[in-house]
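> What follows is a predicted protein model with its sequence.
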Amino acid sequence: MASKADNKPTELDPSWEIPVHVGIIMDGNGRWARARGLNRLAGHRAGTENLRRIVRACADFGIKYLTVFAFSTENWARPKEEVDGLMEIMEEFIDKEIDELDAEGVQIRHVGKLDGIPERLKAKIKMSIERTRHNNRLVLSVAFNYGGRDEIVQAVRKIVAEGIPPDEITEETIANHLYTAGMPDPDLVIRTSGEIRISNFLLWQSAYAEWYFTPRFWPDFGREDLIAAIADYNRRERRFGRVLDAD
Ligand code: IPE
Ligand code: IPE
Ligand code: MG
């Protein structure tokens, strides 16, 4: 595989292992827009357009779970105009895409807190989850009003409320009380836009994920960039703390 390192593959190599669960921190919409003299919301619209393309590429490639970071618990601190615009864009995305996503076998899930999301959007999120719940080609989890720390706090509250005795609490207990309960951990997490940080995404679940950072702004991150990320993933040696070539 080393010989491929310098070339940019444009198609998947059939010998590659496809990550089961890919997470994406879709970052850089604002800078993408600014570079074009547009306002930030135009960047978010372009980012949403790109999401539909990447969802399709993931389904084509046989990725089973895609979790995208769309709005963090910290993003409420942005100007009201931007926050309101993001809520609207999310609604438009559901209205425009739900029929096709459903027809293509995409199951939509929400990871994050429904509390605090405007009622109309909340109703649309619930409707898309309900409508696509029997689909199984690709599980698309949208992290919206999501924060990794908040998720752990919510999990602890549920565990305490259920009265689970302290010495019965295991890593599995915690995993089963997260928004992602029942889902495998991400194998590969991609962050676009050149920032090299987690920003509160899947803190617990990405403990052993392979990370891939690219300077590309999210609206420009295309199918070939996803292929490059999967190629890179195939060059990693996942050890999970073990030694693979013990003597
Ligand atoms: C990511 O793009 C989308 C959200 C966080 C909602 P940004 O809006 O963070 O874009 P930059 O990082 O300012 O370029
Ligand atoms: C992370 O991006 C959240 C989303 C992509 C939704 P941010 O743009 O909010 O993260 P920071 O502020 O650069 O860490
Ligand atoms: Mg950002």
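Structure's in. What do you need? Ligands and ions are numbered 1, 2, ... in the order given.

> Show me what secondary structure element comes after the helix or strand where residue 100 lies.
Per DSSP states H and E, residue 100 falls inside helix 80-103. Under the assignment DSSP H and E, the closest C-terminal helix or strand after helix 80-103 is strand 106-111.

> name the helices or strands packed onto that following strand?
helix 119-132, strand 138-146 (3 or more Cβ pairs under 8 Å, 6 or more residues apart in numbering; DSSP states H and E). (Each C-beta comes from the backbone N, C-alpha and C, glycine too.)

> Distance check, residue 33 against residue 116.
26 Å (Cβ to Cβ, to the nearest Å).

> ah, wrong one, I meant residue 212
For residue 212, the distance to residue 116 - Cβ to Cβ - is 31 Å.

> can you count the residues close to residue 231?
If you count neighbours by other Cβ atoms under 10 Å, residue 231 ends up with 19.

> ranges for the strands of the chain?
21-25, 65-72, 106-111, 138-146, 188-191, 210-213 (DSSP state E).

> circling back to that earlier point, who has more neighbours, residue 33 and residue 116?
Between residue 33 and residue 116, residue 33 has the larger neighbour count (other Cβ under 10 Å), namely 21 against 10.

> Can you tell me which residues in the chain are near ligand 1?
With Cβ under 6 Å from any ligand atom as the criterion, the chain meets ligand 1 at residues 26, 27, 28, 29, 30, 31, 71, 75, 86, 193.

> Repeat the analysis, applying 8 Å as the threshold.
Among all residues of the chain, those adjacent to ligand 1 (criterion: Cβ under 8 Å from any ligand atom) are 26-34, 40, 43-44, 47, 69-72, 75, 78, 82, 86, 193, 195, 217-218.

> Could you tell me which of these count as buried?
Buried by 16 or more other Cβ atoms under 10 Å: 26-33, 40, 43-44, 47, 69-72, 75, 78, 86, 193, 217-218, out of the residues of the chain next to ligand 1.

> and ligand 2, which of those residues contact it?
26, 27, 30, 69, 70, 71, 72, 75, 193, 218.

> pLDDT added to those residues, as a markdown table?
Output for these, formatted as a markdown table (pLDDT from 0 to 100):
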| residue | pLDDT |
| --- | --- |
| 26 | 99 |
| 27 | 99 |
| 30 | 98 |
| 69 | 99 |
| 70 | 98 |
| 71 | 98 |
| 72 | 98 |
| 75 | 98 |
| 193 | 98 |
| 218 | 99 |
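
> Between all of those, which two are separated the most?
71 and 193 (15.6 Å; Cβ to Cβ).

> which sections of this structure are below the confidence cut-off?
1-7 (pLDDT under 70).

> check contacts around the residue lying closest to residue 81 once chain neighbours are set aside.
Closest residue to residue 81 in three dimensions, ignoring its sequence neighbours and counting by Cβ to Cβ, 6 or more residues apart in numbering: residue 41, at 8.0 Å. Counting by Cβ atoms under 8 Å, 6 or more residues apart in numbering, residue 41 touches 33, 81, 82, 85, 86, 89.

> wait, does stretch 151-161 contact ligand 2?
No: figure legend: stretch 151-161 not in contact with ligand 2 (Cβ under 8 Å from any ligand atom); closest approach 14.0 Å.
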